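*Asks:* following is a predicted model, sequence given first.
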Amino acid sequence: MKAKKKSYFSNRGSITLLAALLAGSAVIRIGIGANSALAEVDPEDGFSLPLAAQPITSEPLEERETDIKSLLDALRAREARVNELEGELAARSKALDIAQVEIERRLFALENAEQRLRQTLSIAQTAAEDDLSKLTVVYENMKPKEAAALFGAMEPAFAAGFLGRMRPEIAAKVMAGLTPESAYSISAILAGRNARAPKN
């Protein structure tokens, strides 16, 4: 009885093992068939193989290396251009600094020249004023008749300038010796100057 039971259980174990092997074989065949079916799928139909099923090639790696090299070349070219522009800007800045120094130097020289010119003009005006004053004194010391003859030969505006600087009593004697036409012209010029003079 016990021998029969033992034989039953051992046969049952063998059957179970055989069934498991058959099931595993079926699973393997189904997997191989699925891979074959997937391999026959056309990528143009909108399907693509799973990443694990795709063939491994070196082309994507080479393409990535080419892209990286192109990017590095572009960055190097851009860096070189930036360095070139920085050099140009530095050169322009230096040129502007030099130009500014030169402009300031010239402005300083121009201001000095202008100051010297003012001094020269002031000296010239002072000298001219001194000369006119001396010449007026000379005319005042002349005899009225001789001075009148000299003033009659002058342009009326020029003669009026001296007569206006002379003492009134001496100017009156000189005017008395002039011709009526000359005396009138000189008087009109003197009157016009007085009329244009500012009044308080």
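*Replies:* All right, it came through fine.
*Asks:* which strand or helix spans Leu75?
*Replies:* Counting by DSSP states H and E, the element that carries Leu75 is helix 59-141.
*Asks:* apologies, that question was intended for Glu181.
*Replies:* Element membership of Glu181, judged by DSSP H and E, is helix 180-196.
*Asks:* helices or strands up against that helix?
*Replies:* In terms of contacts (3 or more C-beta pairs under 8 Å, 6 or more residues apart in numbering; DSSP states H and E), helix 180-196 is packed against helix 144-153, helix 156-165, helix 168-176. For glycine as for every other residue, the C-beta is placed from the backbone atoms N, C-alpha and C.
*Asks:* what stretches of this structure score poorly on pLDDT?
*Replies:* Residue ranges of the chain with pLDDT under 70: 1-15, 17-19, 24-27, 29-59, 194-200.
*Asks:* could I get the helices and strands packed on helix 180-196 as TSV with distance to Glu62 and mean neighbour count?
*Replies:* Below are those laid out as TSV (distance: least, C-beta to C-beta, whole Å; neighbours: other C-beta atoms under 10 Å):
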stretch	distance to Glu62	mean neighbour count
helix 144-153	112	17
helix 156-165	102	19
helix 168-176	114	16
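*Asks:* quick one: closest of those helices to Leu75.
*Replies:* Each of these has some distance to Leu75 by C-beta to C-beta; the shortest is helix 156-165, at 83.8 Å.
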